[in-house]
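> Structural data only, the sequence is not supplied:
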């Protein structure tokens, strides 16, 4: 257990000391500041526009960081050969993968929390009152990031190239956000049967990330219910566990030549 | 209990395009006793590092069994008492030396309360005390090698696996490393050292094995090296050097000339004795006559060169 935590802490430390993190945060805060200028084009809806834009931005920046930083996570261990020293210790490959996952998740959630904090302060200053409405979408976003972190590890254990890994994760993120369109596709009777079957398979295999993106409801004051949070948490946990199990199985078979 | 038991280890890789198996390690068995210093010799590409990677579980052996202190090597617990120093140790360059050692201490199960003391002790031992707060990226190759040894020793392992441990070290560093290894050997630590620097191995090890082209050529006791394959007889004489060459040089394998005289090397005792009689009869000054004992270098060359020559 202590080995697993050490790997998680070290993964977190690596991310915190990289320039990618600060680059992502800087871009997010600059864009958030700029959003106040174009919000003036709407009459009476400035705060809603800033909140909507800010929440979308927080989500995108956290995912962007995850894709850039996470896709290199295992590949770098192999190319820099740091993995040899680690696996020569009494630590299983499963603990290594899970430790990496926990470290990446901790960092990504920290970034997300910082972005939410910035957004909350900014929106509150603009509105003149300290409403915590934006925080209602924080937990669903954490669930979404958990799923994406597990996908990063899954693809990392399958492909060695960081660019390809990043592409797969970002592809899964986009596809996961578009699952309602995929569902509509599978319901279209004019489409050949085999294509609809493939569509159905993909619909169930892809993470339903659109369900976890609740920012659009929140800006109109519709906060998620407690049961929704529980269901989302269970779904996210189950999906992530499945991805991690597959990732560990592939990683166990890897040969470090 | 043996430190390492290798039973019919074989490792092959499959070619991605032709899908044919290429054997990198032919089946061999090897036993390294606890407390022994064992040299694992071979030329570049002989399969030394591949064997070490199989022992540590980085590579999955095609056939065979390996156990470390009686525990199957696939079980992570088998590595509890193992320290490993790779040929070119790689570390996270964003960490300081202290953080690096702390990280490996934690991975080895050392408690937080002991870690600080262990780091100080081991840093002192390998000569990196002044560098503890320096980032890894700012260290030279030799210093990184020292950090590599420090992380391998931080949990006081019973078995130390060293892959070319002296690479990247200056002469002082080599001597310091040798002293550390001698101290560890005296303390009962098993040393498994892969190298192609023979004098270091000859100095430190009790037994050696020689690997060539993935095949184990033999296991030898360094106190009792076979000399028949490599023995030769050297006759050193002085006098009219041209005349000596003409009368005694016919059956020699090698003639060296220096201030003392001519050193004539004969492949057998019979030819050497005949040359000695001729030299005495001719009245040359006999400086010396000796049977040369086989050494590790000659043994290594005879096995590796002969086998590779045979293959060609």
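Thanks, I have the structure now. Since we're looking at a predicted model, the values are computed, not measured.
> what does chain A put close to chain B?
Contact residues (C-beta under 8 Å from any C-beta of the partner chain) of chain A with chain B: A:2-3, A:5-7, A:10, A:13-14, A:17-18, A:80-82, A:84-92, A:253, A:255-257. Where you see a C-beta, it was placed from the backbone N, CA and C, and this is true even at glycine.
> Could you identify the buried members of these?
Among those, those scoring as buried are A:3, A:6-7, A:10, A:13-14, A:18, A:82, A:84-92, A:256 (criterion: 16 or more other C-beta atoms under 10 Å in any protein chain shown).
> Among those residues, which are located in strands?
Counting by DSSP state E, those place none of their members in strands.
> Which single residue of the stretch 101-250 of chain A ends up nearest chain B?
residue A:103 (12.2 Å; C-beta to the nearest C-beta).
> re the thing from before, which members of the buried ones among the residues of chain A next to chain B are positioned in helices?
A:3, A:6-7, A:10, A:13-14, A:82, A:84-87 (DSSP state H).
> and those as CSV, adding pLDDT?
As requested, these are exported to CSV (pLDDT from 0 to 100):
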residue, pLDDT
A:3, 84
A:6, 92
A:7, 93
A:10, 91
A:13, 89
A:14, 88
A:82, 90
A:84, 92
A:85, 92
A:86, 93
A:87, 93
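> Between these, which sits nearest residue B:104?
Closest to residue B:104 out of those is residue A:85 (6.9 Å), distances taken as C-beta to C-beta.
> ok, that closest one touching residue B:91?
Yes. Taking contacts as C-beta atoms under 8 Å, residue A:85 lies within contact range of residue B:91: 7.1 Å.
> what number of residues lie near the closest residue in space to residue B:221 that isn't next to it in sequence?
Spatial nearest neighbour of residue B:221, excluding adjacent residues (C-beta to C-beta, 6 or more residues apart in numbering or on different chains): residue B:207 at 5.5 Å. Neighbour count of residue B:207, defined by other C-beta atoms under 10 Å in any protein chain shown: 18.
> Give the residues shared as contacts by residue A:85 and residue B:91.
Residues touching both residue A:85 and residue B:91 by C-beta atoms under 8 Å, 6 or more residues apart in numbering or on different chains: B:148, B:151.
> In chain B, where is pLDDT below threshold?
B:226-231, B:292-294, B:305-312 (pLDDT under 70).
> can you pull out the helices in it?
B:48-56, B:97-107, B:112-126, B:141-153, B:171-186, B:198-204, B:241-248, B:269-282, B:296-311.
> Of those, which is nearest chain A?
helix B:97-107 (3.9 Å).
> quick one: contacts of the closest one?
Outside helix B:97-107, the residues touching it (C-beta under 8 Å, 6+ apart) are A:2-3, A:5-7, A:10, A:13, A:85-86, A:89-91, B:91-92, B:95, B:112, B:114-115, B:118-119, B:122-123, B:128, B:131-134, B:136, B:139, B:147, B:150-151, B:154-155.
> Could you do stretch A:127-144 as well?
By C-beta under 8 Å, 6+ apart, stretch A:127-144 touches A:47, A:51, A:54-55, A:58-59, A:62, A:109, A:112-113, A:116, A:119-120, A:123-124, A:209, A:212-215, A:218-219, A:221, A:223-224, A:229, A:232-233, A:235-236.
> Show the backbone phi and psi for residue B:253.
phi -100, psi -20 (degrees, to the nearest 10).
> pretty sure the residue of the stretch 101-250 of chain A closest to chain B is in contact with residue A:4, am I right?
No. Taking C-beta under 8 Å as the definition, residue A:103 is not a contact partner of residue A:4, at 9.8 Å.
> what pLDDT does the residue most central in space within chain A get?
Most central residue of chain A, judged by C-alpha distance to the mean C-alpha position with C-alpha atoms, centre = their mean, is residue A:145 at 2.7 Å. In this model, residue A:145 is scored at 96, pLDDT.
> Could you double-check that it lies in contact with residue A:66?
Yes. Residue A:145 is in contact with residue A:66 according to C-beta under 8 Å; the separation is 6.6 Å.
> what distance separates the start and the end of stretch B:59-68?
15 Å (C-alpha to C-alpha, to the nearest Å).
> By neighbour count, which bits of that stretch are buried? Give me those.
B:59, B:61-62, B:64, B:66-68.
> before we move on, what about stretch A:98-116?
So stretch A:98-116, judged by 16+ other C-beta under 10 Å, has buried residues A:98-109, A:111-116.
> With stretch B:233-251 instead?
In stretch B:233-251, counting by 16+ other C-beta under 10 Å, buried: B:233-237, B:239, B:244, B:247-248.
> List the contacts of that stretch.
Under C-beta under 8 Å, 6+ apart, the answer for stretch B:233-251 is B:255, B:257, B:260-269, B:271-272, B:274-276, B:278-279, B:282-292.
> give me that answer again for 7 Å
B:255, B:257, B:260-266, B:269, B:271-272, B:275-276, B:278-279, B:282, B:284-292 (C-beta atoms under 7 Å, 6 or more residues apart in numbering or on different chains).
> All set now, cheers.
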